[in-house]
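Student: build me a model from this:
(2 chains)
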Number of protein chains: 2
Amino acid sequence: MRRRDLLTGAGVMATAASASFPAPAISQGIRHLKMVTDWPEDMPGLQASAVRFAQTIGAATGGRIKVEVFAAGSLVRAFETFDAVSAGVADMYHSFEGYFFSKSPAFHFFSAVPFGFTAAELLGWVRYGGGQELWDALSGQFDVKPLLACSTGCQMGGWFTREVRSPEDYKGLRYRMAGPGAEVLRRMGAVVVTLPGGEIMPALKSGAIAASEWIGPWLDMALGLHQAVGYYYYPAFHEPGSGFSVGINKRVWESFDDNDRRLFETVATSEYAQSLAEFNANNARSLRKLREEGTVKILKFDDQLLKTFLGISKDVVAEIGSGDELARKIYASYQQFRAPTVDWGDISERAYLNSRGLA
Amino acid sequence: MRRRDLLTGAGVMATAASASFPAPAISQGIRHLKMVTDWPEDMPGLQASAVRFAQTIGAATGGRIKVEVFAAGSLVRAFETFDAVSAGVADMYHSFEGYFFSKSPAFHFFSAVPFGFTAAELLGWVRYGGGQELWDALSGQFDVKPLLACSTGCQMGGWFTREVRSPEDYKGLRYRMAGPGAEVLRRMGAVVVTLPGGEIMPALKSGAIAASEWIGPWLDMALGLHQAVGYYYYPAFHEPGSGFSVGINKRVWESFDDNDRRLFETVATSEYAQSLAEFNANNARSLRKLREEGTVKILKFDDQLLKTFLGISKDVVAEIGSGDELARKIYASYQQFRAPTVDWGDISERAYLNSRGLA
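Tutor: Numbers count the residues shown, from 1 in each chain, chains lettered A, B, ... in the order given. Predicted structure coming up:
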């Protein structure tokens, strides 16, 4: 079906009605779609990327498709975005697949796993390593079509009220972290808690927690974390290239013709690259500012600590990939892509970045 | 102007006619644009990316804009693409800005300079560091609007018929390389030659040259270079994240409404990310194959060599940025973005990739 035919509306309305499914809103030849996000209205980086996604769809279609963006809590509650899209209450979400681990832990592979892919590697696996097909199968069980649409890039290890030198220092450490990285810390003896972003700062100040990860210099400093604690550690073994996604209700996706599907894929991939560029540029600027202020010690995790993280992470990731048959397939694909990718990364960007550091 | 208004054609034709400039071909409401490339018809990675760019524009506009792609030599000769677009003989090119250094050496900054940006960093500078505006000014002098549209990512150091251990080994070494990297080698005493891709293999076999760089495992092995010589060095200090571009004739660009401009920008950024993913995935696979074959030694350049490259590169890049006022502005912007970006890269991806290597 050509988009011009779609514009008459009749075909779509008939299909939707016959499937007794709420018809996507079409008025005056304009298709209205609702996007729900898991981000506050004013959150830079993530909500801003969702809004740009919507604007680009509007522009690229000359206004033929309008995507209205609803921040967390404005149409559905935060973290209910996936269910809302699955049920057709909203047409698409902008979120982080790891949030949906209770449906299947395998969702983690499409956002972040400890010692997993960098931003570029994740896109490589999804686009050229069979990742998209497996993700389609996973999300398809819930009537969702997923696309990589945003990336924070490499995150930071976290903020600490005191130095950590060895695995021993993690015993009893009250640490704010979520996801598979939290499980790694738990196995090291840390007391892991989850807190929304807005509660990290008071919890660190009151001593309720002694450490917390968030994202990177740009958004961490926006929360004021550098004013609460004195130690900022790198690298983020737990989120080396976090991917964020747009998930589209499957019937909405199937109502698109091939051209519109390609457009959505293109806008998603463009936003993936652009958001990564924005995070990197702003993280670099914020880091510069942090160094100039000079009040925070910016430290690399000790290699012995990193080796401990690495060993436990291997187990945790294997467990994430040991669920049902599809989860095992996803893990096998991830592993199969990872080995040659790490080898190539080692002799290309890793070797280059180290040689640049010889100055 | 909305795209529907543009489709009537009258406005565009009138503007073009009054400017005594060949009107972009419009027939039956469909706009036809010609893209000339500097790649052979069957070249994977680069020509394939140009073709995908054209296909995506066609799909995203529902066929309203059709981009026809002409491989090197089929409409204009290779490396005459820029002039063709500047003069309006073609509507856009797909090429490598460094090829146009004779117009201004500053073009190198938008493709690759020794010890410059990785693929992600280049996009960061162009999109969020003022790079695009400076590039617009540079290319605008020639009636071209440039966009980053493709990336090979980090390349390889090159193929050698013998081991190179110290800067001394470069004296008299007959090396095939182009661009600023070649100037670095020249200052080390190498005899630098330029040869088209197809002539590298016979030249290495005959002993006419003793070393050559090309791109990375995927395309190098497609040329058969691994069957000609025994040593493959990394990293590519000279092209750590080569960017490729689409340049659009300025009047064609100005004839687009805001929506179509945003569409072209989006497709370009999407292709930048997708081509990078394709190169990385295929480089990883080809490297695996190369290791399995076991006939080529894959070696890291000695640190002392890399330090020598680094020192000379600094001078060469400074000279590239020391031309006219605009070139100096571009270099200043590049330098200003580079320092915090290297700092951030060091504590994020570099530190992460090194920690992943502790396994």
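Student: show me where chain A has its helices.
Tutor: A:3-7, A:10-18, A:46-60, A:81-87, A:119-128, A:131-140, A:180-187, A:197-206, A:217-222, A:250-255, A:258-293, A:303-320, A:325-345, A:351-356 (DSSP state H).
Student: just the C-alphas of stretch A:253-260, formatted as PDB.
Tutor: Output in PDB follows, covering the C-alpha atoms of stretch A:253-260 (Å, rounded to 0.1, in the frame of the first residue of the first chain):
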ATOM      1  CA  TRP A 253       3.500  -1.300  13.200                       C
ATOM      2  CA  GLU A 254       1.700  -3.800  10.900                       C
ATOM      3  CA  SER A 255      -0.700  -1.000   9.800                       C
ATOM      4  CA  PHE A 256       2.300   0.900   8.400                       C
ATOM      5  CA  ASP A 257       3.400   0.200   4.800                       C
ATOM      6  CA  ASP A 258       7.000  -0.700   4.100                       C
ATOM      7  CA  ASN A 259       7.900   2.900   3.500                       C
ATOM      8  CA  ASP A 260       6.700   4.100   6.900                       C
END
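Student: quickly list what the closest residue to A:Gly58 other than its chain neighbours is bridged to.
Tutor: In space, and not counting its chain neighbours, A:Gly58 is closest to A:Lys66: 5.6 Å by C-beta to C-beta, 6 or more residues apart in numbering or on different chains. (C-beta placed from N, C-alpha, C; glycine too.) Using DSSP bridges, the bridge partners assigned to A:Lys66 are A:His32.
Student: can you give me the distance of A:Lys66 to chain B?
Tutor: 13 Å (C-beta to the nearest C-beta, to the nearest Å).
Student: burial count for that residue?
Tutor: By other C-beta atoms under 10 Å in any protein chain shown, 17 other residues sit near A:Lys66.
Student: if I pick the residue positioned nearest the centre of chain A, what's in contact with it?
Tutor: What sits nearest the mean C-alpha location of chain A, by C-alpha atoms, centre = their mean, is A:Phe244, with 3.0 Å. Contact analysis of A:Phe244 by C-beta atoms under 8 Å, 6 or more residues apart in numbering or on different chains lists A:Leu46, A:Ser49, A:His94, A:Ser95, A:Phe96, A:Ser111, A:Leu148, A:Ala149, A:Cys150, A:Ser151, A:Thr152, A:Ser275.
Student: so the first one is in contact with A:Ser151, correct?
Tutor: No - using C-beta atoms under 8 Å as the test, A:Leu46 is too far from A:Ser151 to be in contact (10.2 Å).
Student: out of the two, which sits in the busier spot?
Tutor: Per other C-beta under 10 Å, whichever of A:Leu46 and A:Ser151 has more neighbours is A:Ser151, with 31 against 22.
Student: OK, contacts around the more buried one?
Tutor: A:Ala119, A:Leu122, A:Leu123, A:Gly241, A:Ser242, A:Gly243, A:Phe244, A:Tyr272, A:Ala273, A:Ser275, A:Leu276, A:Phe279.
Student: what do you get if the cut-off is 6 Å, keeping everything else the same?
Tutor: Listed by C-beta atoms under 6 Å, 6 or more residues apart in numbering or on different chains, the contact set of A:Ser151 reads A:Ala119, A:Gly243, A:Tyr272, A:Ser275, A:Leu276.
Student: and it, bridged to which residues?
Tutor: A:Gly243.
Student: tally of neighbours for A:Arg288?
Tutor: 16.
Student: the residue lying closest to it once chain neighbours are set aside and B:Ser348, how far apart?
Tutor: Closest residue in space to A:Arg288, ignoring its immediate chain neighbours: B:Pro340 at 4.3 Å, by C-beta to C-beta, 6+ apart. As judged by C-beta to C-beta, to the nearest Å, B:Pro340 and B:Ser348 stand 12 Å apart.
Student: any low-confidence regions in the stretch 101-250 of chain A?
Tutor: For the stretch 101-250 of chain A, no stretch is flagged by pLDDT under 70.
Student: for chain B, what are the nearby residues on it?
Tutor: Within the stretch 101-250 of chain A, the positions adjacent to chain B are A:Phe115, A:Thr118, A:Leu123, A:Gly124, A:Arg127, A:Tyr128, A:Gly129, A:Cys154, A:Tyr234, A:Pro235, A:Pro240 by C-beta under 6 Å from any C-beta of the partner chain.
Student: reformat the residues you listed as TSV; add neighbour count.
Tutor: What follows is those, written out as TSV (neighbours: other C-beta atoms under 10 Å in any protein chain shown):
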residue	neighbour count
A:Phe115	26
A:Thr118	25
A:Leu123	28
A:Gly124	29
A:Arg127	20
A:Tyr128	19
A:Gly129	26
A:Cys154	29
A:Tyr234	25
A:Pro235	25
A:Pro240	27
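Student: gap between the two ends of stretch A:182-192?
Tutor: Counting by C-alpha to C-alpha, to the nearest Å, you get 6 Å between the two ends of stretch A:182-192.
Student: who's in contact with A:Val296?
Tutor: Applying C-beta under 6 Å, 6+ apart, the residues near A:Val296 are A:His226, A:Gly230, A:Tyr232, A:Leu290.
Student: find me the pLDDT at it, would you?
Tutor: Note for A:Val296: predicted pLDDT of 98.
Student: and what of the one 3 residues further on?
Tutor: Reported pLDDT at A:Leu299 in the predicted model: 98.
Student: quickly list what it is bridged to.
Tutor: Under DSSP bridges, the beta-bridge partners of A:Leu299 are A:Tyr233.
Student: what's the local residue count around it?
Tutor: Neighbours of A:Leu299 (other C-beta under 10 Å): 16.
Student: for A:Val267, same thing?
Tutor: For A:Val267, using other C-beta under 10 Å, the count is 30.
Student: one more: A:Asp143?
Tutor: 18.
Student: just checking, it touches A:Ser86?
Tutor: Yes - with contact defined as C-beta atoms under 6 Å, A:Asp143 reaches A:Ser86; the gap is 5.3 Å.
Student: confidence score at the closest residue to A:Leu306 other than its chain neighbours?
Tutor: Of all residues not flanking A:Leu306 in the chain, B:Ser355 sits nearest, at 4.4 Å (C-beta to C-beta, 6+ apart). If you check B:Ser355, the pLDDT there is 98.
Student: neighbours of B:Ser355, just the number please.
Tutor: If we define neighbours as other C-beta under 10 Å, then B:Ser355 has 24 of them.
Student: with A:Thr266 instead?
Tutor: 26.
Student: contacting residues for it?
Tutor: Contacts of A:Thr266 (C-beta under 6 Å, 6+ apart): B:Thr56, B:Val267, B:Ser270.
Student: what do you get for A:Asp91?
Tutor: A:Asp91 makes contact with A:Leu33, A:Lys34, A:Asn249, A:Val252 under the criterion C-beta under 6 Å, 6+ apart.
Student: which one of these sits in the busiest neighbourhood?
Tutor: Top of those by neighbour count (other C-beta under 10 Å): A:Asn249, with 27 neighbours.
Student: that residue against A:Gly88, yeah?
Tutor: Yes - look at A:Asn249 against A:Gly88 with C-beta under 6 Å: they come within range, at 5.3 Å.
Student: what about the closest residue to A:Asn354 other than its chain neighbours, how many residues nearby?
Tutor: Setting aside the residues directly before and after it, A:Asn354 is nearest to B:Arg350 in space (C-beta to C-beta, 6+ apart), at 6.8 Å. For B:Arg350, the count of nearby residues is 23 (other C-beta under 10 Å).
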